[in-house]
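Engineer: The following comprises the amino acid sequence and a computationally predicted model.
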Amino acid sequence: MMDTPETFQYSPDLLSLLVDAVPRLCKSKKDLLLFFQGAGVSGTLLAPHEGLLRTDSNAFKKHLVTRELLKKLNEIGDGGLRERREILKRVTEFEDFTVCWENDRAVARGLVAQIRDLVNVKDSFTRMNLEREGERKRRQAELKARETDREQRRTKLAKVKANLFALFGEHDAHKRGKALEGVLNSLFAAQEILIREAFTIKGRCGEGVIEQIDGLIEIEGQLYLVEVKWWNSSLGVAEISPHVVRVYGRGGVAYGLFISYTDFTDAARKTFRDATIQGRVIIFAKLQEIVELLEREGDITSWIKQKVRVAIADK
């Protein structure tokens with residue numbers, strides 16, 4: 001028999017069957033003590049019964065001795081776990097009933113069969129309990145992992161927020177603009193959006209740099225060319241046109257995302273709208289929207305997707 005599921009004590013029904021079976025499996029009184037000794041029962045527990053067998057063999061009753069030893073092993077709790085398992089193992093694996101008294105063989109065989117059935121039933125329940133416990137632990141581990149991820153995300157977003165707010169005190173426009181690119185890239189990364197930071201594209205025939213792109217992000221397979229501006233005046237057509245051209249140059253495969261510290265003029269908004277009508281989806285936002293998103297710990301992916309839906313549906 002395998003390692004039994006009896007992790008604490010023998011149940012009353014199992015204890016009763018063992019009290020009836022073990023004395024029948026051990027032909028002599030000495031064999032009974034050897035059975036328990038072989039199962040690892042301590043000499044301390046066996047000593048009183050060994051003494052009784054030496055001094056008054058007639059008073060030594062196999063069933064009474066068996067009951068008392070099993071009862072004490074039960075009372076020990078975890079301390080008697082190994083011995084209880086070994087006793088069950090020896091009983092359920094018992095096969096040579098010829099060593100029993102002839103009158104005990106049939107009864108012993110039946111008792112061992114009952115114990116096997118009972119243990120198998122308990123095995124099944126134990127396996128189910130173990131499976132349920134394993135599932136509970138897996139769920140707990142998943143919850144803990146998700147909470148850890150959320151905590152790490154909150155920490156990253158808190159750092160992004162602090163770095164963004166710090167930019168409002170930067171008076172060098174160039175440094176502030178470059179730093180803003182990095183802050184937004186950190187924001188995208190914290191929300192697990194695939195990013196490619198600022199890069200340039202050079203011409204093939206020595207034209208030098210023909211495109212300067214602040215960043216590229218990917219959301220659910222859709223690419224977005226990102227442009228970031230921190231100017232002190234509203235952005236007009238002249239300021240947004242280079243980005244619109246870059247989006248047009250991707251043949252409608254890539255969308256555009258334009259983020260500005262200041263507002264956009266009506267003419268600039270119309271340019272974005274006309275581009276979207278022609279299948280070049282460009283969404284735009286003020287930096288204040290990003291600040292508010294961070295304040296409420298919003299999801300930037302959902303925010304961008306909602307802007308796309310509105311741009312396409314409402315033009």
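Structural biologist: Done, it's in. Numbers count the residues shown, from 1 in each chain.
Engineer: my guess is residue 74 contacts residue 84, does it?
Structural biologist: Yes - because the distance of 7.5 Å satisfies Cβ atoms under 8 Å, residue 74 is recorded as touching residue 84. C-beta coordinates here come from the backbone N, C-alpha and C atoms, glycine included.
Engineer: so who does the closest residue to residue 100 other than its chain neighbours touch?
Structural biologist: For residue 100, the nearest residue in space outside its immediate sequence neighbours is residue 108; the separation is 5.1 Å by Cβ to Cβ, 6 or more residues apart in numbering. For residue 108, the contacting residues are 21, 24-25, 94, 97, 100, by Cβ atoms under 8 Å, 6 or more residues apart in numbering.
Engineer: backbone phi and psi for residue 108, please?
Structural biologist: According to degrees, to the nearest 10, the main-chain angles of residue 108 amount to phi -60, psi -40.
Engineer: hmm, back to that, could I get the contacts of residue 108 in JSON lines, plus columns for secondary structure, pLDDT and neighbour count?
Structural biologist: What follows is the contacts of residue 108, written out as JSON lines (DSSP: H, G, I helix; E, B strand; the rest coil; pLDDT from 0 to 100; neighbours: other Cβ atoms under 10 Å):
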{"residue": "21", "secondary structure": "helix", "pLDDT": "95", "neighbour count": "24"}
{"residue": "24", "secondary structure": "helix", "pLDDT": "96", "neighbour count": "23"}
{"residue": "25", "secondary structure": "helix", "pLDDT": "95", "neighbour count": "21"}
{"residue": "94", "secondary structure": "coil", "pLDDT": "93", "neighbour count": "20"}
{"residue": "97", "secondary structure": "helix", "pLDDT": "93", "neighbour count": "16"}
{"residue": "100", "secondary structure": "coil", "pLDDT": "93", "neighbour count": "19"}
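Engineer: Closest one to residue 63 out of the residues you listed, please.
Structural biologist: Proximity of the contacts of residue 108 to residue 63 (Cβ to Cβ) peaks at residue 24, which lies at 9.2 Å.
Engineer: Contacts only, for that closest one.
Structural biologist: Residue 24 makes contact with 100-101, 104, 107-108, 111 under the criterion Cβ under 8 Å, 6+ apart.
Engineer: And residue 188, by the same measure?
Structural biologist: 195, 215, 217, 300.
Engineer: pLDDT wise, what is the last one at?
Structural biologist: By that I understand residue 300. You'll see residue 300 listed with a pLDDT of 87.
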